[in-house]
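S.K.: Fold the following.
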Amino acid sequence: MKLEGKRVLVFGAGISGIGAADLLCKVGACPVIYDGNDKQDPEAIKARLEQPENVDIILGELPEEARKTLDLVVMSPGVPTDLPIVKTLRTQGLPIWGEVELAYQMGKGKVLAITGTNGKTTTTAMLGKIMSDYLDSVYVVGNIGTPYTSVALDTKEETVTVAEISSFQLETIQDFQPAVSAILNITEDHLNRHHTMEEYIRVKELITSNQTKDQVCVLNYEDEVLRTFGESGQVKAKVVYFSSLRELSQGIFLRGKEIVLRAGEKEFVITTTDRLKILGRHNHENTMAAAAMAYYAGVPVENIKESVENFVAVEHRIEYVTEKNGVVYYNDSKGTNPDAAIKGIQAMDRPTLLIGGGYDKQSSYEEWIEAFDGKVRYLVLIGQTREKIEETAHKCGFMNTILADNLEEAVKICAEKANKGDAVLLSPACASWGQFDNYEQRGRMFKEYVYALPEADA
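M.R.: Predicted coordinates for the structure are as follows:
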């Protein structure tokens, strides 16, 4: 669709909405930012725009006369697509894109796209490093921090865009077609948005929906949902599996400490796990996914090896913070659901004091508690879910729980209770909302509280 002169409703006035509006102005469209929250300040929204004079703003109700002037709707990922007003716009026959679709339509070059419940950010960052080390024109975009819309017009035919894609963004794709896609895993998350597990799975699988037989989809063989999906015939792309538990006749897998890639008649040892700077089996899986994607995007094995061995952990994902008084502190604020938090505790190799709790996404916590596996000495809980998680822990037989009023108090409690040689891990199993703007702010505050802890007298 040529967008010049088109009147486009940008639904949502957050970072994604501003990025979409800026892009639309640059291509000559006429964006209208709409947000149902009429308490927002239109002038504050305009102040964040590159061309505020070319953008209309509507807050609160969307008048019918405004709706009738529209040619296209661009949804911000945080806005649910089942709102009554969205259904009305769809009934009106308007195309409804997300920011990813808008950026894809305006961009050039190849896209390598990663989704999954957990591991997206680490895998995207690692693949971004591999591609950036090998090629001149590479952009790393999506939930990882840079909106895809902010770089789409800078891409060229030789550009590779590495994109972290959420389920919210996949709901609104139309022609989006990655040259190589990956679904890392699927576990319970965002049911407050998608309502059922079946719908969440369906949306995640959309990442492959426009791929052709000449393209590649990387899937986790040890995830039963994804193995079934790969074997179902629904995926038109070439399916490449990764496995951390068994050898595969084709694909990428862990053999002892070796990460091995089998492609046709060829077999390569990409690296060994003791040469990686990131901890835990889940990170070995992230490495396999990134390496397979890079290989099928044309990067030589020796380049992949060098890049993955030099890759350091992403901030907020089992990130080493510091050691104080013989206690090591790790920031896993990105562990925003129980499955991600399980990965965090599995990566610990010493007795651990665990800080959990936060916003309630209607998750269940039994599997997380059961994964403590004798490693957790105390579970210190904060936020909206603290009583719910404590009750679950006690039902599961884990009684060493402490309720704290806030994160700062939780850090102090852990410092007091920890013995030399212990770890303190922030891995909340919950979203940050209600106490923090996002998991990044929660992780940064955790690090500040840790750095402020007093050193014991020598």
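S.K.: Which parts of this protein belong to which domain?
M.R.: 7-94, 100-309, 319-451 (automatic domain parsing).
S.K.: Start and end of the longest one, how far apart?
M.R.: Using CA to CA, to the nearest Å, the gap from the first to the last residue of domain 100-309 comes to 31 Å.
S.K.: Let me have the domains of the chain in a markdown table, extended by distance to residue 1 and mean neighbour count.
M.R.: For every residue, glycine as well, the C-beta is placed using N, CA and C. Below are those laid out as a markdown table (distance: least, CB to CB, whole Å; neighbours: other CB atoms under 10 Å):
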| stretch | distance to residue 1 | mean neighbour count |
| --- | --- | --- |
| domain 7-94 | 7 | 17 |
| domain 100-309 | 7 | 20 |
| domain 319-451 | 32 | 20 |
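S.K.: mind checking which helix or strand residue 402 is in?
M.R.: strand 401-403 (DSSP states H and E).
S.K.: One more: residue 355?
M.R.: Judged by DSSP H and E, residue 355 forms part of strand 352-356.
S.K.: what are the pairing partners of that strand, and which direction each?
M.R.: strand 376-381 (parallel), strand 423-426 (parallel) (DSSP bridges).
S.K.: Ok, which of those comes nearest residue 12?
M.R.: strand 423-426 (29.3 Å; CB to CB).
S.K.: Residues contacting that closest one, please?
M.R.: The contact list for strand 423-426, computed with CB atoms under 8 Å, 6 or more residues apart in numbering, reads 327-333, 344-345, 348, 350-355, 407, 411, 414-415, 418, 442-443, 446, 450.
S.K.: Report the rounded mean pLDDT for it.
M.R.: Across strand 423-426, pLDDT averages out at 96.
S.K.: and after that strand, which helix or strand comes next?
M.R.: helix 439-451.
S.K.: Show me what that next one is packed up against.
M.R.: Judged by 3 or more CB pairs under 8 Å, 6 or more residues apart in numbering; DSSP states H and E, the packing partners of helix 439-451 are strand 319-324, strand 327-331, helix 407-417, strand 423-426.
S.K.: By mean pLDDT, show me the worst of the ones you listed.
M.R.: Going by mean pLDDT, the lowest-scoring of those is strand 319-324, which has a mean of 88.
S.K.: For that strand, give me every contacting residue.
M.R.: 313, 328-332, 415, 443, 446-447, 450-451, 453, 455.
S.K.: nearest to residue 282, of those residues?
M.R.: For the contacts of strand 319-324, the nearest to residue 282 is residue 332 (11.1 Å; CB to CB).
S.K.: roughly how far apart are the closest one and residue 352?
M.R.: As for residue 332, its distance to residue 352 is 11 Å (criterion: CB to CB, to the nearest Å).
S.K.: same deal with residue 330?
M.R.: Counting by CB to CB, the gap from residue 330 to residue 352 is 9 Å.
S.K.: before we move on, back to that, let me have the strands paired with strand 352-356 in a markdown table, adding distance to residue 227 as columns.
M.R.: Formatted as a markdown table, the strands paired with strand 352-356 follow (distance: least, CB to CB, whole Å):
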| stretch | distance to residue 227 |
| --- | --- |
| strand 376-381 | 31 |
| strand 423-426 | 30 |
